[in-house]
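Engineer: Next come a sequence and a model predicted from it.
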Amino acid sequence: MRDSATAPVEIPAVAFIDLQSQRARIGARMEAAINRVLAHGGFIMGPEVAEAEKKLAAHCGAKHVITCSSGTTALVMALLAKDVGRGDAVFVPSFTFTATAEVPVLAGATPVFVDVLPDTFNMDPASLERAIAVAKQTGLRPACVIPVDLFGQPVDFDAIGAVAKKHGLWILDDAAQSYGARYKNKSVVTCAEVSATSFYPSKPLGCYGDGGAVFTDDDEVARRLVQVRVHGQGKDRNDNVRVGLTARFDSIQAAVLLEKLAIFDAECVEREAIAQRYTKGLADVVTTPVVRADCTSVWAQYTIRSSRRDRIAATLQAQGIPTNIFYPKPIHTQAPYRGYPVAMGGLAVTEQLATDVISLPMHPYLTAPAQDRIIAAVRSAVA
Ligand SMILES: *Cc1c(COP(=O)(O)O)cnc(C)c1O
């Protein structure tokens, strides 16, 4: 028997992203939804997939939502639907998850790396101009730009859009981390010609496996995306009009997503409150994230900058608090991507950020006491 007067106080472990607390909230509903799929047996393109597309469209305001098997697939599908390929330059940040740079290569095009801004970590429009100049010099055809709403904050669509328009580029927004965020009071996935998101479990809106979606208001692009999702299928399965993929979203994942979507707006409010609490507790000792006045973030990550980030990581780890570094190795420095062009003048901000960013635990279920512990630990590490 444990004597409660002398037993050590148990400090609950802090999760980096806490899906179990979310399960405590809606687990019964999700299990019932999964069981309904098991009962009707329509595992591929069952009614839940159509319902998820309808509910997502109503939630974000996009005319067309085409769900698919992952965020990476969503990006590839968009490039295939728009016939991006050999000889095309696709402008991507290097300070991002690998998939952003991977998809132009998979489509046969050439990624050209663009620097980011030091405050929002999002694509720098001036660097995009310099990258377009490099592409033209190299004999590539500037085709498309894939800005990333990094850590949940929308890119500066007006500024990126102005450069894109000047050079005849279309925009594929990589909204894998930002579904739910707003730019000038519009849903982030309605701000570009085509947008792609991911429902990977740790994204702000996730499912219980891989999943993604493409968003567009363009009827023709939507029609092609539906074809690409199933092997370029035309009027029936023996009619193949394009090269495509097996890229469908599962009915079981759609069932889970529908339950998570029902509480997502409330979770976003909770994420915002947690982000504000972090900023209040840390702004005087580290560089805290900047969200532009014309947007909201869904805080896929809460990422600070500090010259002492290794000490922060070690101090927090010793106290059972997980941290992560997104991203320690810029993509243009990694083996498969070293041969591709970078913007004139280089990617100095990207290279600096790779040395000083660190992300703290972030999810809607982070309690105030847990957060106070994290804040105190960061403060002690940099004191
Ligand atoms: C997660 C992510 C992706 C890829 O999504 P998956 O569903 O894992 O394929 C693409 N881009 C960015 C910026 C991401 O964070």
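Structural biologist: Cool, got the structure.

Engineer: Ala57: helix or strand, and which one exactly?
Structural biologist: Using DSSP states H and E, Ala57 falls within helix 47-60.

Engineer: Pull out the CA atoms of that helix and give them to me as CSV.
Structural biologist: Extracted in CSV, the C-alpha atoms of helix 47-60 (Å, rounded to 0.1, in the frame of the first residue of the first chain):
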residue,chain,number,x,y,z
PRO,A,47,-20.7,6.7,-48.3
GLU,A,48,-18.4,8.2,-45.6
VAL,A,49,-16.0,9.4,-48.3
ALA,A,50,-18.7,11.4,-50.1
GLU,A,51,-19.9,12.7,-46.8
ALA,A,52,-16.4,13.8,-45.7
GLU,A,53,-16.0,15.6,-49.0
LYS,A,54,-19.3,17.4,-48.6
LYS,A,55,-18.7,18.3,-45.0
LEU,A,56,-15.2,19.6,-45.7
ALA,A,57,-16.5,21.7,-48.6
ALA,A,58,-19.1,23.2,-46.3
HIS,A,59,-16.5,23.8,-43.6
CYS,A,60,-13.9,25.5,-45.8
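
Engineer: Run me through the strand neighbours of whichever helix or strand comes after that helix, direction for each.
Structural biologist: Next helix or strand after helix 47-60 toward the C-terminus (DSSP H and E): strand 64-68. Applying DSSP bridges, strand 64-68 is found paired with strand 212-216 (antiparallel).

Engineer: List the buried residues of the strand it pairs with.
Structural biologist: Neighbour counts using 16 or more other CB atoms under 10 Å place 212-216 of strand 212-216 among the buried residues. For the C-beta atoms, the positions are set from N, CA and C on the backbone; glycine is no exception.

Engineer: got those as JSON lines, with pLDDT and distance to Glu272 columns?
Structural biologist: Listed next are those as JSON lines, based on pLDDT from 0 to 100; distance: CB to CB, whole Å:
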{"residue": "Gly212", "pLDDT": "98", "distance to Glu272": "24"}
{"residue": "Ala213", "pLDDT": "98", "distance to Glu272": "23"}
{"residue": "Val214", "pLDDT": "98", "distance to Glu272": "26"}
{"residue": "Phe215", "pLDDT": "98", "distance to Glu272": "22"}
{"residue": "Thr216", "pLDDT": "98", "distance to Glu272": "28"}
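
Engineer: which residue is nearest the middle of the chain?
Structural biologist: Residue closest to the average C-alpha location in the chain (CA atoms, centre = their mean): Gln177, at 2.0 Å.

Engineer: So it, which state does it fall into?
Structural biologist: coil (DSSP: H, G, I helix; E, B strand; the rest coil).

Engineer: residues contacting Val114?
Structural biologist: 91-94, 123-124, 127-128, 131, 145, 343, 347 (CB atoms under 8 Å, 6 or more residues apart in numbering).

Engineer: Can you name every helix or strand that the helix or strand Ile374 falls within contacts?
Structural biologist: Here Ile374 sits within helix 368-382, counting by DSSP H and E. Judged by 3 or more CB pairs under 8 Å, 6 or more residues apart in numbering; DSSP states H and E, helix 368-382 is in contact with helix 251-282, helix 309-318.

Engineer: Using PDB, write down the CA coordinates of the helix or strand following the last one.
Structural biologist: Sequence-wise, the next helix or strand downstream of helix 309-318 (DSSP H and E) is helix 348-356. Presented in PDB, the C-alpha positions along helix 348-356 are these (Å, rounded to 0.1, in the frame of the first residue of the first chain):
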ATOM      1  CA  ALA A 348      20.600  32.200 -45.900                       C
ATOM      2  CA  VAL A 349      17.400  32.400 -43.700                       C
ATOM      3  CA  THR A 350      16.600  28.800 -44.300                       C
ATOM      4  CA  GLU A 351      20.100  27.800 -43.200                       C
ATOM      5  CA  GLN A 352      20.000  30.000 -40.100                       C
ATOM      6  CA  LEU A 353      16.500  28.700 -39.100                       C
ATOM      7  CA  ALA A 354      17.800  25.100 -39.300                       C
ATOM      8  CA  THR A 355      20.300  25.900 -36.600                       C
ATOM      9  CA  ASP A 356      18.000  27.700 -34.100                       C
END
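
Engineer: And helix 348-356, how far out from the chain middle?
Structural biologist: 20 Å (CA atoms, centre = their mean, to the nearest Å).

Engineer: what number of residues lie near Phe259?
Structural biologist: Small correction: residue 259 is Glu, not Phe. 21 (other CB atoms under 10 Å).

Engineer: Then Ala313?
Structural biologist: The burial count for Ala313: 17, using other CB under 10 Å.

Engineer: is it true that it touches Ile321?
Structural biologist: No - using CB atoms under 8 Å, Ala313 is not in contact with Ile321; the gap is 9.5 Å.

Engineer: contacts with the ligand among the buried residues of strand 212-216, please.
Structural biologist: Gly212 (CB under 6 Å from any ligand atom).

Engineer: Alongside the ligand, which residues does the protein contribute?
Structural biologist: Near the ligand, when you scan the chain using CB under 6 Å from any ligand atom, you find 70-72, 96-97, 99-100, 148, 174, 176-177, 198, 200, 210, 212.

Engineer: on that earlier part again, which ones are touching the residue nearest to the centre of the chain?
Structural biologist: By CB under 8 Å, 6+ apart, the neighbours of Gln177 are 148-152, 198, 203-204, 298, 300-301.

Engineer: Which members of those are classed as buried?
Structural biologist: With burial judged by 16+ other CB under 10 Å, the buried subset of the contacts of Gln177 is 148-152, 198, 203-204, 298, 300-301.
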